[in-house]
Structures are given as structure tokens and as C-alpha cells.
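**Q** what's the 3D shape of this:
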Amino acid sequence: MHLADAGVSLGFHGHQHRAQCIEERHQIAGDGRKIVVVSASTLCAGPSQLSPGQPRGYNVVEIDAEQTKCRVHQRRMHNNDFTYPIWAPAYFIETNEPFLDLGIDRPLRPRPPHLDAAFKVETAEQLLGEGKWKEVVELLAGIPPDSVGRPLLAKALSENGDSAKTIELLWPPVNPSEAVQIGDAILQDGNSQQAAQFLALKIVSGGTDASVLEIARRVRERRAK
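**A** Numbers count the residues shown, from 1 in each chain. Presented below is the predicted three-dimensional model:
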């Protein structure tokens, strides 16, 4: 019961190829904690891989974290054509219903903030790979300048082509690449005040990067009046 001791409240497992829900309680600790374990039938196995008497199947699990409960819906294949399966509800023996309601324990401790940040970055990487630039911008807007997701935000802003958003979300720039990106956005859709603020930045006025110097020259000539 190491998982229960660690605060895990809900777990999923496979390999048995059959739908099942169990509640395991830790009797030694005496605190009444439990872990709910849910397994499902096999979604894609052929006839020879299925357990005897077990058709193809899968579960749909609804989790209500506020009410500390979950509902497991069971679905099974109701025909014998493995090429064109027909999915429909199946019934749990415990309830004679196509769903099963289970209580789940609250975690022992709050979710560490860095996990949420890591999840954001992981999601942003997936969205970026799918070319969903706007969704990445919305997801990462407001992240700290030192976040590992900052380059992903800069990439999405560049692809999305929203100059105003680029200036808003990357200001102030933390590296020459961002300075060039902001300078280009000011050239596209900026004003004289933004140009003056840009040229006054230390990374621009005191920088030696050739790309930054070039974009600064262009901003000075076209926007700083």
C-alpha cells in the first residue's frame, strides 16, 4: 500500500483484460485512507488475446475533485465483428447499472505548484507541434520571464503574428532574440512611445548583438519621432 501511504487516491491498471473496480484500505495506519483502483477490458485485442468470456471494452471515468467522488462508466463491444465493433453500455455486477459511483480520498497535501507549471509547458509543447499558436499564447500568457516555457511562448507569438500581443507578453525582453522580436512588432504595429521605451532598454541601448543593433536602427528611423 505504498501508493496509499504516498497520498494516491485513484489508480488505473490494465493487463487483466477485465472491467473491475476495487477499494483498498490501509489498515495499519488506522487513518481510514483508501485507494480506488479501476481496471478496464481490452480496447483493441483480437479474439485470441482476450480473457475467456471477456469482450473488448473500455471505461469512461468522471472525476469530481470538489465532491471527492468518481463515476466509472463501462462500455463493451456488443457484436462479434472485430473490424466494425459496436460499442454500448455494459453493467457492473455491483450495481446492475452501466456505471459505478465511488468515493475518493482527498490528497494528503496540496498539489505542488511546479507540477502545474510543468503540465502547462508539456501541454504547450503538444499544442505547438499541432500548430495551435493562439492556444499556446493563451495558455502561457503571464508566465514568469525565467520560465522554461518562455521560448515556447515566443515561438507561438512569432507564428501567430499578433504584434500587440508580442509587445505585451514579451515585455521587457530577457534576451537578444526577444528584443529583436519586440522590435519587429513595434515596426509592424507600434507607436512612438513604445519605440522610445524600446530604445531605452539596456539590452538595446547598451547591447552589442548585431541583430539587436540593426532592429534598433530601424525602429529609430521609422518609429521614434
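**Q** Strands of this structure, residue ranges please.
**A** 10-13, 20-25, 34-39, 57-64, 69-77, 87-89, 99-103 (DSSP state E).
**Q** which stretch among those comes nearest residue 179?
**A** Nearest of the strands of the chain to residue 179, taken as CB to CB: strand 57-64 at 44.2 Å. To be clear about C-beta, it is placed using only N, CA and C from the backbone, and glycine gets the same treatment.
**Q** Would you mind pulling up the elements that the closest one packs against?
**A** strand 69-77 (3 or more CB pairs under 8 Å, 6 or more residues apart in numbering; DSSP states H and E).
**Q** let's see 10 Å
**A** Where contact means 3 or more CB pairs under 10 Å, 6 or more residues apart in numbering; DSSP states H and E, strand 57-64 is packed against strand 10-13, strand 20-25, strand 34-39, strand 69-77, strand 87-89, strand 99-103.
**Q** can you tell which of those is closest to residue 140?
**A** Between the helices and strands packed on strand 57-64, strand 10-13 lies closest to residue 140; by CB to CB that is 28.5 Å.
**Q** And the closest one, what's buried?
**A** Across strand 10-13, burial judged by 16 or more other CB atoms under 10 Å covers no residue at all.
**Q** Can you report the mean pLDDT over the residues of it?
**A** For strand 10-13, the mean per-residue pLDDT is 86.
**Q** mean pLDDT for the helices and strands packed on strand 57-64: which is lowest?
**A** The bottom spot among those, by mean pLDDT, belongs to strand 20-25, with a mean of 70.
**Q** what's the distance between residue 137 and residue 13?
**A** Separation of residue 137 from residue 13 (CB to CB, to the nearest Å): 38 Å.
**Q** which one is the most centrally placed residue in the chain nearest to, not counting chain neighbours?
**A** Central residue of the chain (CA atoms, centre = their mean): residue 123, 3.6 Å from the mean position. Closest residue in space to residue 123, ignoring its immediate chain neighbours: residue 139 at 6.3 Å, by CB to CB, 6 or more residues apart in numbering.
**Q** Contact partners for that neighbour?
**A** Listed by CB atoms under 10 Å, 6 or more residues apart in numbering, the contact partners of residue 139 are 120-121, 123-124, 127-128, 132, 149, 152-153, 156.
**Q** any idea how far it lies from residue 128?
**A** Residue 139 is 10 Å from residue 128, by CB to CB.
**Q** joint contacts of these two?
**A** 152-153, 156.
**Q** from the middle of its chain, how far away would stretch 75-83 be?
**A** 32 Å (CA atoms, centre = their mean, to the nearest Å).
**Q** List the contacts of that stretch.
**A** 19, 40-47, 50, 54-60, 85-91, 98.
**Q** Buried ones from these, can you make that a PyMOL selection?
**A** To isolate the buried ones among the contacts of stretch 75-83 in PyMOL, judged by 16+ other CB under 10 Å, type:
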select buried, resi 19+40+41+42+50+55+56+57+58+59+85+90+98
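**Q** How many neighbouring residues does residue 198 have?
**A** 28 (other CB atoms under 10 Å).
**Q** check contacts around it.
**A** Going by CB under 10 Å, 6+ apart, the list of residues near residue 198 reads 167, 171-173, 179, 182-183, 185-187, 190, 204-205, 215-216, 219-220, 223-224.
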